[in-house]
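**Q** I would like the atomic coordinates for the input below:
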Amino acid sequence: MKEVDSLKDSRFVVTRLTPSQVGALGVIGILGGDAELILNAHFDAYSKSSIQTLDVGSLVAGDWHHAIVVTQSASDSPEGMVPQRQEKSECVVLVKTGVETWEIHVHGGLAVIKSLLKTFVSAGAVEIPSNEWFACNGSSYRNNVIRDQLARVDGFYASQILTRQLAGYFQRDIKQIRQLICKSKKSQDNLKEAETVINRLERSARVGIRLAEPWQVILLGPVNAGKSSLLNALAGYARSIVSPHAGTTRDVLATRVVLNGWAVDLTDTAGFHPVSDFQQPAPSIEKEGMERAMEAARSADLILNVRALNEPENDEISLESGGEDGPHYLEVGTKADLSDSKQFIGKSLSAGLIVTSTRTGQGLDELVKVIIETLIPEAREPTDCFVGGVPITSEDLDVVKELHEKIKIYSRDL
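**A** Okay, the predicted model is just below:
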């Protein structure tokens with residue numbers, strides 16, 4: 001390995017571009033004129049090509065030589081052990097992203113990432129947060145927001161939408177609208193095309209502005225209604241305690257799941273006892289559980305009213321209506337596999353109840369479908385709502401509102 005001691009006084013920056021948790025891929029970014037010297041010292045391309053000849057946007061695979069220190073026995077050493085400098089090779093992909101900027105792509109092991117960062121820091125680089133890195137590269141505030149959200153979102157669709165915005169889809173749509181309404185010759189065709197794009201941007205904004213925030217779904221219902229079993233079935237594993245004894249769940253328990261490509265927080269809550277069950281005031285632990293359940297429900301996007309099909313309906317305890325801005329409701333019946341539930345299934349279906357059984361799986365796919373369609377009606381097929389630009393910040397919304405007003409003026413002037 002080439003000598004790099006002369007680089008101790010160099011000044012450049014390095015950062016981790018991927019999340020800190022273990023993943024399939026790890027990426028670090030390097031910026032500065034001295035980066036090339038470190039790369040020459042540690043990187044050998046499989047093609048034997050020189051990194052000096054790489055064009056911006058080019059990539060090359062090769063071996064990265066980590067310097068490690070080990071101790072070995074030595075007969076002529078008074079202590080018996082001496083430090084020895086060795087090398088360990090790692091397959092990496094080197095990408096030249098700019099005149100003085102580079103990326104190194106490796107497998108996602110934290111030890112490998114830390115070793116790469118340490119190499120550059122030891123040679124004089126300053127490790128900086130990723131948001132500062134993008135600022136150094138002239139990245140816009142919006143792109144920094146997108147990258148931050150990409151590192152945190154769960155679910156295929158949110159990642160897909162954000163990736164399209166990073167590729168410039170929103171800016172492309174805004175440019176298209178401006179060009180249409182700024183043409184010297186006004187026409188109905190230009191107006192119609194501009195209105196189509198602005199309407200799509202406005203429809204997608206409700207979801208776009210909260211892509212990194214999972215949808216909140218609360219399970220409410222009487223004790224022993226099967227809420228915990230239903231949550232476990234939707235989550236695919238036993239997150240909530242399931243017991244034949246009524247009132248097992250005492251607290252509010254949230255579980256992150258991905259349903260049909262969208263991130264959802266399912267929240268199990270303490271079951272309600274009918275008021276008539278209490279000859280005396282409810283025990284304090286019961287009352288506390290109910291209060292927490294109601295508090296969580298008020299901030300939910302969707303409430304699943306869950307009841308066992310073999311139990312009589314009871315609506316003595318319900319959440320006060322939040323009006324048009326309040327949470328949506330879905331009525332869900334459980335335990336459809338029980339023999340004493342079957343007589344109620346036909347009536348329940350006609351009343352709009354979603355009939356389920358966690359034992360047989362009956363109705364679970366339908367429930368997931370209805371949950372997502374209720375939360376995100378914009379995503380119903382067929383739709384073009386999220387295929388182009390999507391507003392994701394308040395600044396994006398301001399741009400869309402401004403253009404909407406300009407389109408109105410354009411329409412009046414025709």
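**Q** from memory Arg380 sits against Glu373, does it?
**A** Yes - because the distance of 5.8 Å satisfies CB atoms under 8 Å, Arg380 is recorded as touching Glu373. Using the backbone N, CA and C atoms, a C-beta is placed for each residue, glycine as well.
**Q** Compare the two (neighbour count), which wins?
**A** More crowded of Arg380 and Glu373, by other CB atoms under 10 Å: Glu373, with 13 against 10.
**Q** so who does the more buried one touch?
**A** Neighbour list for Glu373: Ala379, Arg380 [criterion: CB atoms under 8 Å, 6 or more residues apart in numbering].
**Q** gap between stretch 403-414 and the chain center?
**A** The chain centre lies 37 Å from the centre of stretch 403-414; the measure is CA atoms, centre = their mean, to the nearest Å.
**Q** what does that stretch rub up against?
**A** Residues from elsewhere that reach stretch 403-414, judged by CB under 8 Å, 6+ apart: 174, 177-178, 181, 186-188, 190-191, 194-195, 198, 202.
**Q** quick one: contacts for the residue nearest to the spatial centre of the chain?
**A** Closest residue to the average C-alpha location of the chain: Val153 at 0.9 Å, with CA atoms, centre = their mean. Shown in contact with Val153 (CB under 8 Å, 6+ apart): Ser159, Leu162, Leu211, Ala212, Ala263.
**Q** which among the contacts of stretch 403-414 gets closest to Leu37?
**A** Closest to Leu37 out of those is Ile174 (42.0 Å), distances taken as CB to CB.
**Q** hang on, the earlier thing: from the contacts of stretch 403-414, which one has the minimum pLDDT?
**A** For the contacts of stretch 403-414, the weakest pLDDT value sits at Lys186, with 88.
**Q** Distance check, that one against Lys406.
**A** 12 Å (CB to CB, to the nearest Å).
**Q** Thr163 now?
**A** As judged by CB to CB, Thr163 and Lys406 stand 29 Å apart.
**Q** coming back round to it: tell me the SS of the residue nearest to the centre of the chain?
**A** coil (DSSP: H, G, I helix; E, B strand; the rest coil).
**Q** Look at it and report its pLDDT.
**A** 90.
**Q** next one: Arg85
**A** Taking Arg85 on its own, its pLDDT is 54.
**Q** Between the contacts of Val153, identify the one with the most neighbours.
**A** Top of these by neighbour count (other CB under 10 Å): Leu211, with 24 neighbours.
**Q** one step back: for the residue nearest to the centre of the chain, what are phi and psi?
**A** The phi and psi values for Val153, taken as degrees, to the nearest 10, are phi -80, psi 150.
**Q** which element is Arg142 on?
**A** Arg142 belongs to helix 141-150 when assigned by DSSP states H and E.
**Q** So for the helix or strand just after that helix, what gets flagged as buried?
**A** Using DSSP H and E, the next helix or strand after helix 141-150 towards the C-terminus is helix 156-166. Under the neighbour-count criterion of 16 or more other CB atoms under 10 Å, helix 156-166 has Tyr157, Ala158, Ser159, Ile161, Leu162, Arg164, Gln165, Leu166 buried.
**Q** And the strands in the stretch 251-400 of the chain?
**A** Under the criterion DSSP state E, counting those that start in this stretch, the stretch 251-400 of the chain carries strands at the ranges 253-259, 262-268, 302-308, 328-334, 354-355.
**Q** Sheet partners, orientation included, of the fourth one?
**A** So that's strand 328-334. Sheet pairing here is set by DSSP bridges, and for strand 328-334 it gives strand 302-308 (parallel), strand 354-355 (parallel).
**Q** Please tell me how far that strand is from the chain's geometric centre.
**A** The answer for strand 328-334 is 26 Å, by CA atoms, centre = their mean.
**Q** Next: the last one.
**A** Put simply, strand 354-355 sits 29 Å off its chain's centre (CA atoms, centre = their mean).
**Q** buried ones in stretch 134-143?
**A** Phe134, Arg142.
**Q** can you list the weak-confidence ranges in the stretch 101-250 of the chain?
**A** 138, 237-250 (pLDDT under 70).
**Q** what are the ranges of the helices in it?
**A** 110-122, 130-136, 141-150, 156-166, 169-181, 188-208, 227-235 (DSSP state H, counting those that start in this stretch).
**Q** Out of these, which one sits most buried?
**A** Looking across the helices of the stretch 101-250 of the chain with neighbours counted as mean count of other CB atoms under 10 Å, the highest average goes to helix 227-235: a mean of 23.
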